[in-house]
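A.B. asks: Quick one, what's the 3D model for this:
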Amino acid sequence: MIEAIKKGFDPVPMIGPMKELEAERIKLEAELVEIEADKTVITLHPGAVRAYRTNVERLAELLADNNAGDCDDLIATIRRLVVAVTIHPEVEGFTFDVTGRLTEIARSAGMPFAKCPVSGGQMVAGEGLEPPTSGL
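C.D. replies: Residues are numbered from 1 along each chain as shown. Next up is the predicted model:
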């Protein structure tokens, strides 16, 4: 700015915009300090994380073994992971929401977001989930 004044530049028209920019800079710095100060750490109980991981790994093992025969272990594992499956009929096929046990862990008492609504995404069934219809 000093170099511009030396060369004959009139700084008066720039004073208003410069003051606005300075006020915005101060406001943004204050917001940044506030954001950095609010670093809430959320910790899940190690036992809950371990149990969830064990159940997911067991489910993967059971699903990989196509000849499992006895479905009791598979059903029990799924029940330990899934709270509800909500099916929504569509014009062609259906969509469904799966609510899992991780939701329960995350919404347990004392957690900062315990009262927040939780919603799953929608998935459309793919090949293998419906009985095959040959000839169509």
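A.B. asks: Pull out the buried residues from whichever strand or helix holds Ile75.
C.D. replies: Under the criterion of DSSP states H and E, Ile75 resides in helix 72-81. For helix 72-81, the neighbour count (16 or more other C-beta atoms under 10 Å) marks 74, 77-78, 80-81 as buried. For glycine as for every other residue, the C-beta is placed from the backbone atoms N, C-alpha and C.
A.B. asks: of all the residues you listed, which comes closest to Glu92?
C.D. replies: Distance ranking of the buried residues of helix 72-81 against Glu92, using C-beta to C-beta, places Ile78 first at 26.5 Å.
A.B. asks: Need the per-residue pLDDT for the closest one.
C.D. replies: Looking at Ile78, its pLDDT reads 84.
A.B. asks: Skipping its backbone neighbours, what lies nearest it in space?
C.D. replies: Once flanking residues are discounted, Ile78 sits nearest to Leu59: 6.7 Å by C-beta to C-beta, 6 or more residues apart in numbering.
A.B. asks: Now do the one you found against Tyr52, distance only.
C.D. replies: Counting by C-beta to C-beta, to the nearest Å, the separation of Leu59 from Tyr52 is 11 Å.
A.B. asks: Look up the residues that both of the two are in contact with.
C.D. replies: Residues touching both Leu59 and Tyr52 by C-beta atoms under 8 Å, 6 or more residues apart in numbering: Leu81.
A.B. asks: What score does Glu127 have for pLDDT?
C.D. replies: Note on Glu127: pLDDT of 50.
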